[in-house]
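Asker: Pasting a predicted model and its sequence here:
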Amino acid sequence: MQKIIKKGEWKYSGSTYLPILLVEQNWDHFYEEGYSRFSSQIKRGELIYYLHFGKYCINEYGNIASDSSSQPFLSVKEAMDYVERNIEKLNWTSEDIQ
C-alpha cells in the first residue's frame, strides 16, 4: 500500500519546477535487499517513507511510479530532514494529505 503524505514542487534547474511527493508505504518483501541499511531496525509490516521526484503516475493498483525516488526512510521526520539538507528550493503545495 502506498499513500501520498505531502505534494509539492522542487526547483530542478533555472526556473523549472518539478513535482515532489512524500509517500508512506508498507514494508515490501519484494524489495527486502533494498532495506539492508535498516537490517536491525525495520520489521515486516512497518511503514517506510520515500520521496518521489519528477513526473509520476499512479497505476490501477495504487502504486506510484515516478522519474526518480529516494532511498527509504524510517520516518516522515527523517525524509523531511533529507529534503531540507538536499533541495535548494521547495514549495509544498498542500497540507498533509491523510
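Answerer: Structure's in. What do you need?

Asker: mind listing the strands for this protein?
Answerer: Using DSSP state E, the strands of the chain run over 2-13, 16-26, 47-58, 64-69, 90-92.

Asker: Adding mean pLDDT, write the ones you listed out as TSV.
Answerer: Shown next, in TSV, are these (pLDDT from 0 to 100):
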stretch	mean pLDDT
strand 2-13	92
strand 16-26	92
strand 47-58	92
strand 64-69	90
strand 90-92	91
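
Asker: Which of these sits closest to residue 82?
Answerer: With C-beta to C-beta, the closest approach to residue 82 among these belongs to strand 47-58: 7.1 Å. For the C-beta atoms, the positions are set from N, CA and C on the backbone; glycine is no exception.

Asker: okay, the angle between the closest one and strand 2-13?
Answerer: 70 degrees (axes from the mean of the first three to the mean of the last three C-alpha atoms, to 10 degrees).

Asker: Any buried residues in strand 47-58, and which?
Answerer: Neighbour counts over strand 47-58 (16 or more other C-beta atoms under 10 Å) mark 48, 49, 50, 51, 52, 53, 56 as buried.

Asker: Buried residues of stretch 73-89, list them for me.
Answerer: 73, 74, 79, 80, 83.

Asker: among these, which two are most distant?
Answerer: Going by C-beta to C-beta, the pair spanning these furthest: 74 and 83, at 15.0 Å.

Asker: Contacts only, for residue 87.
Answerer: Going by C-beta atoms under 8 Å, 6 or more residues apart in numbering, residue 87 touches 10, 11, 20.

Asker: if you set the cut-off to 6 Å instead, what comes out?
Answerer: Contacts for residue 87 (C-beta atoms under 6 Å, 6 or more residues apart in numbering) come out as residue 10.

Asker: Test my guess that residue 5 contacts residue 24.
Answerer: Yes: between residue 5 and residue 24 there is a contact under C-beta atoms under 6 Å: 5.3 Å.

Asker: show me the contacts for residue 61.
Answerer: With contact set as C-beta under 6 Å, 6+ apart, residue 61 has no partners.

Asker: mind checking how far it is from residue 2?
Answerer: According to C-beta to C-beta, to the nearest Å, residue 61 and residue 2 sit 9 Å apart.
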